[in-house]
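# Using only what follows, build the 3D model:
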Amino acid sequence: MEEKRVEDAEFIEAVPVHPLAPQATAPYSEWRLIWRSFRKDILALFGLGIILILILGAIFAPVLTSYPEQGRGDPNILEKFQPPSLRHPLGTDYLGRDVLARMLYGGRSSLTMGFLVVIIAVIIGVPLGALAGYLGGWVDEVIMRTTDVFMAFPSLLLALAIASALGAGFINTMIALAITWWPWYTRLVRSQVLSLRERYFIEAARSIGLPSQKIILSHLLPNVMTPVWVQATLDLGSAILISTALNFVGLGVQPPTADWGNMVSQGRLYFIDRPWFAGSAGLVIFLTVLAFNFIGDALRDAADPFLRRT
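Have a look, this model is predicted:
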């Protein structure tokens, strides 16, 4: 019997592994290949550079501007509606505040909102999708019918309704957006788990008696997270765009706290004569969303072994 086990072990080791078969033990090598392909995409590197500049600008806003108090909301009525100049590179707003300072401080709330919404959605959606796909049965039915209810409404309208019910504010807006976002990750992860749970390496894990939670955490999730990160990168731009839309209508961050959305809302009243106020905030929103889309598209192509160029 012992000799038979040794022969079986030697046979298993000799079986060649298909290069496209899921490998839960080599995530570092997978991401190294993805980065090698990603860095060849000029648009992706351009987008990454924009995002890094915006993040660093938000973090070091008090150092990068000569008017940190105006960035926090203090008015300076004597200099209102100053055009762009060396003193005020992007001009001043209707309260005399430096627009560049407001832009840097506004990046703190806008970028933080986008990242937190996506992180919360991933934290909620990924475990639910893994449970629904692996366990099936009534668990799958309950989770997926719940996601269908949320996905039956357009994301923006549902976020508006929830934010209106909760009231204006940063936390309430974040909750409203996270509630509308998690079902997409549940569906994505469920579809991936359904395609993996019948693979041989999962069957082998079940055959040796590993509990379901161990199989999900150690074998399934490592193999489904790459498309999740790609989708999360694409969703960052959308989350920032919708959060600025809620701020635009007054349901998000409240003045005097700076935010790109309320800057556009305040500046639209003076856009014809003084376009630098709303125009600069709108341009930053556009570049942010575009940059995340560039990064997400490049990651999606790099993560696909059939499109990856090594």
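
# ok, Phe271 - contacts?
Phe277, Ala278, Gly279 (CB atoms under 8 Å, 6 or more residues apart in numbering). Just so you know, the C-beta spots here come from the backbone N, C-alpha and C atoms, and that holds for glycine as well.

# And for the first one, the neighbour number?
To tie it back to what came earlier, the one meant is Phe277. Using other CB atoms under 10 Å, Phe277 is surrounded by 26 other residues.

# Nearest the middle, which residue of the chain would you pick?
Central residue of the chain (CA atoms, centre = their mean): Leu236, 3.2 Å from the mean position.

# out of the contacts of Phe271, which are inside helices?
Of the contacts of Phe271, the ones assigned to helices by DSSP state H are Phe277, Ala278, Gly279.

# so which of the residues you listed comes closest to Leu131?
Within these, proximity to Leu131 (CB to CB) peaks at Ala278, which comes in at 45.4 Å.

# what about the closest residue to that closest one other than its chain neighbours, helix or strand, and which?
Using CB to CB, 6 or more residues apart in numbering and skipping residues adjacent in sequence, the residue nearest Ala278 is Gly267, 2.8 Å away. Following DSSP states H and E, one finds Gly267 within helix 260-267.

# Give me the helices and strands touching that helix, please.
Contact here means 3 or more CB pairs under 8 Å, 6 or more residues apart in numbering; DSSP states H and E; on that basis helix 260-267 packs against helix 99-135, helix 221-248, helix 276-303.

# and Leu269, how many neighbours?
11.

# give the contact list for it.
Contacts for Leu269 (CB under 8 Å, 6+ apart) come out as Tyr94.

# average model confidence for stretch 54-62?
Average pLDDT, stretch 54-62: 94.

# how about it: buried residues?
Neighbour counts using 16 or more other CB atoms under 10 Å place Leu54, Gly57, Ala58, Ala61 of stretch 54-62 among the buried residues.

# from memory Asn76 sits against Tyr94, does it?
No. Using CB atoms under 8 Å as the test, Asn76 is too far from Tyr94 to be in contact (11.1 Å).

# Point out where the stretch 1-150 of the chain drops to low pLDDT.
When residues are selected by pLDDT under 70, those of the stretch 1-150 of the chain lie in 1-30.

# all helices for it, in order.
Secondary structure of the stretch 1-150 of the chain, counting by DSSP state H, counting those that start in this stretch: helices at 2-14, 27-38, 42-59, 61-64, 68-71, 99-135, 137-151.

# Out of the ones you listed, indicate the one that is most buried.
Among the helices of the stretch 1-150 of the chain, helix 99-135 has the highest mean neighbour count (mean count of other CB atoms under 10 Å), at a mean of 22.

# and that helix, how far from the chain's centre?
5 Å (CA atoms, centre = their mean, to the nearest Å).

# do the same with stretch 87-100
Here stretch 87-100 is found 30 Å from its chain centre; the criterion is CA atoms, centre = their mean.

# One more: stretch 171-183?
Computed by CA atoms, centre = their mean, the chain-centroid distance of stretch 171-183 equals 12 Å.

# List the buried residues for that stretch?
Asn172, Thr173, Met174, Ile175, Ala176, Leu177, Ala178, Ile179, Thr180, Trp181, Trp182, Pro183.

# give the contact list for the spatially closest residue to Gly282 that is not a sequence neighbour.
Once flanking residues are discounted, Gly282 sits nearest to Val264: 5.4 Å by CB to CB, 6+ apart. Shown in contact with Val264 (CB under 8 Å, 6+ apart): Thr244, Phe248, Ala278, Ala281, Gly282, Ile285.

# Identify the farthest-apart pair in these.
Thr244 and Ala278 (11.9 Å).

# Those two: who's more crowded?
Neighbours of Thr244 and Ala278, each counted by other CB under 10 Å, are more numerous for Thr244; the result is 29 against 20.

# could you dump the helices and strands packed on helix 260-267 to JSON lines with distance to Ile162?
Below are these laid out as JSON lines (distance: least, CB to CB, whole Å):
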{"stretch": "helix 99-135", "distance to Ile162": "12"}
{"stretch": "helix 221-248", "distance to Ile162": "10"}
{"stretch": "helix 276-303", "distance to Ile162": "22"}
